[in-house]
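1. following is a predicted model, sequence given first.
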Amino acid sequence: MLHKTKGIVLNYIKYKETSIIARIYTAEFGLQSYIINGVRSQRSKKGLALLQPLTLLDMVVYHKGNKVDQLQRISEYKSAYTFSSIPFDVKKSSMALFVTELLSKVLKEEDERGVVFEFLCHFVMVLDQKREGFESLHVYLMVHLTHFIGFGIHQKIDLENDNILQRVNTSFDEIYDTLLHLNACDLNDPILLDNRLRKDCLSYMINYYTHHIEGFNELRSLAILGQIFR
């Protein structure tokens, strides 16, 4: 049966000679894996341009079952939003890689997937449209995403945990205060953290996720992000 849905591209892997398997977070079905045939062939009209990290799609899909690891198929797809900067700005494209890797690890069986999807769409468009003050948006995302995946940050006591220990150049109180400030911010608010504070807050949030999510392991894109945001 065919269904219309919107999607956010996370990543893809090559499949056979000319096809791929794309991981896409959808408004209707959550995180899904789709086989897209012939997209890597020279005759493909769309190619891989519409399947880059965080691309927003309008899709018509076949859907069978509810298992996250079950392969689905796409009938049609087209761009739902045209990027103005993410693919062309090295900082934003590096952040997009980090965000898609993070989402691939934490988005599983959300009860309110439509709400999560709208939040993520808004995040992608704000990241694309902001010309300055976007460098800490991935930390903002990690803070706000906790509310959708079961361990939301509401107050300082939620962050204080003896099991989350790390070497930082910032006091833990400053990290806590900054994360709570981000928690109270709107996406369109100015989010201005210096490199030191941003790095320490990001490191703390990764440890926070590791503590709360079984199997949450190393984010390979973190090294790239560290090189870009020096």
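-> Everything's here; your move.
2. what comes into contact with stretch 155-174?
-> The contact list for stretch 155-174, computed with CB atoms under 8 Å, 6 or more residues apart in numbering, reads 151-153, 175-176, 179-180, 196-197, 199-201, 203-204, 207-208, 211. C-beta coordinates here come from the backbone N, C-alpha and C atoms, glycine included.
3. ditto for stretch 120-131
-> By CB under 8 Å, 6+ apart, the residues outside stretch 120-131 that reach it are 6, 8, 25, 54, 56, 81, 83-86, 92, 95-96, 99, 103, 134, 137, 141, 187-188.
4. show me which residues of that stretch are buried.
-> Within stretch 120-131, the residues that count as buried by 16 or more other CB atoms under 10 Å are Leu120, Cys121, Phe123, Val124, Met125, Leu127, Asp128, Lys130.
5. restricted to helices, list the residues you listed.
-> Counting by DSSP state H, the part of the buried residues of stretch 120-131 found in helices is Leu120, Cys121, Phe123, Val124, Met125, Leu127, Asp128.
6. which residue packs closest to the residue nearest to the spatial centre of the chain, ignoring adjacent ones?
-> Taking CA atoms, centre = their mean, the centroid of the chain lies closest to Val99, which sits 3.3 Å from it. Distance criterion CB to CB, 6 or more residues apart in numbering; nearest residue to Val99, sequence neighbours excluded, is His138 at 5.9 Å.
7. check contacts around the one you found.
-> By CB under 8 Å, 6+ apart, the residues touching His138 are Met95, Phe98, Val99, Leu102, Leu202, Leu225.
8. tell me what the residue nearest to Tyr81 when sequence neighbours are not counted is bridged to.
-> Leaving aside its sequence neighbours, Tyr81 sits nearest to Leu56 (CB to CB, 6+ apart; 4.2 Å). In this entry, Leu56 is beta-bridged to Ile8, by DSSP bridges.
9. ok, now which ones touch Leu56?
-> Here Leu56 is in contact with Lys6, Gly7, Ile8, Val9, Ser79, Ala80, Tyr81, Cys121, Val124, Met125 (criterion: CB under 8 Å, 6+ apart).
10. how about the residues you listed in CSV, adding distance to Leu107 and pLDDT?
-> Output for the contacts of Leu56, formatted as CSV (distance: CB to CB, whole Å; pLDDT from 0 to 100):
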residue, distance to Leu107, pLDDT
Lys6, 15, 96
Gly7, 12, 96
Ile8, 10, 97
Val9, 13, 97
Ser79, 22, 95
Ala80, 18, 97
Tyr81, 19, 97
Cys121, 13, 97
Val124, 14, 98
Met125, 18, 98
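11. can you turn the buried part of those into a PyMOL selection?
-> Remark: buried members of the contacts of Leu56, expressed as a PyMOL selection using 16+ other CB under 10 Å:
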select buried, resi 6+7+8+9+81+121+124+125
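12. my read: Arg40 touches Ala49, true?
-> No - checked against CB atoms under 8 Å, the pair Arg40 and Ala49 is beyond contact range at 11.9 Å.
13. quick one, which of the two is more surrounded?
-> Set Arg40 next to Ala49 and count neighbours by other CB atoms under 10 Å: Arg40 wins out with 17 against 11.
14. ok, and the closest non-adjacent residue to that one?
-> Nearest residue to Arg40, sequence neighbours excluded (CB to CB, 6+ apart): Thr18, at 4.6 Å.
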